[in-house]
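Student: predicted coordinates and the sequence they were generated for:
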Amino acid sequence: MSKHIPTPWVIKAHNTIYKPAIYSEDRLVSTIRGGFTTEAEEYANAEFIVRACNAHDELVAALEGILYNFLRETDVSDCKLEIFNAKAALAKAKGE
């Protein structure tokens, strides 16, 4: 599996056809072309993608730390669903 272009990503105007575009430094990551969306929705989608991607590594590390400490110090018999959900979310975020 290839590694994604490094974060942080930012939004820049690309050109008149693909207005919002996502960049890493001066490297184009992706353009946002919404089809049936408005320009405002295209920019909102780009902002959401950038915000989520830029926070991804920190969120994964935080959840891994919480799970590690929780499982080490807690009787897990009362929290099986929460642990399952946390592990599933972590696997999804890591692409597993």
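Tutor: Cool, the structure landed. Residues are numbered from 1 along each chain as shown.

Student: so which elements touch the helix or strand that contains residue 56?
Tutor: In this structure, residue 56 sits in helix 39-73 according to DSSP states H and E. Counting contacts by 3 or more CB pairs under 8 Å, 6 or more residues apart in numbering; DSSP states H and E, helix 39-73 is packed against strand 10-13, strand 20-24, helix 80-93. Heads up, the C-betas are built off the backbone N, CA and C, glycines and all.

Student: can you give me how far that helix is from the chain middle?
Tutor: 5 Å (CA atoms, centre = their mean, to the nearest Å).

Student: for this protein, which residues score under the pLDDT cut-off?
Tutor: Low-confidence segments of the chain, defined by pLDDT under 70: 1, 16-18.

Student: what residues sit buried inside stretch 29-41?
Tutor: Across stretch 29-41, burial judged by 16 or more other CB atoms under 10 Å covers 29-30, 32, 34.

Student: turn the residues you listed into JSON lines, including secondary structure and distance to residue 10.
Tutor: Below are the buried residues of stretch 29-41 laid out as JSON lines (DSSP: H, G, I helix; E, B strand; the rest coil; distance: CB to CB, whole Å):
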{"residue": "29", "secondary structure": "strand", "distance to residue 10": "9"}
{"residue": "30", "secondary structure": "strand", "distance to residue 10": "12"}
{"residue": "32", "secondary structure": "coil", "distance to residue 10": "13"}
{"residue": "34", "secondary structure": "coil", "distance to residue 10": "19"}
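
Student: what's the closest of the residues you listed to residue 19?
Tutor: Set against residue 19, the nearest of the buried residues of stretch 29-41 by CB to CB is residue 32 (7.6 Å).
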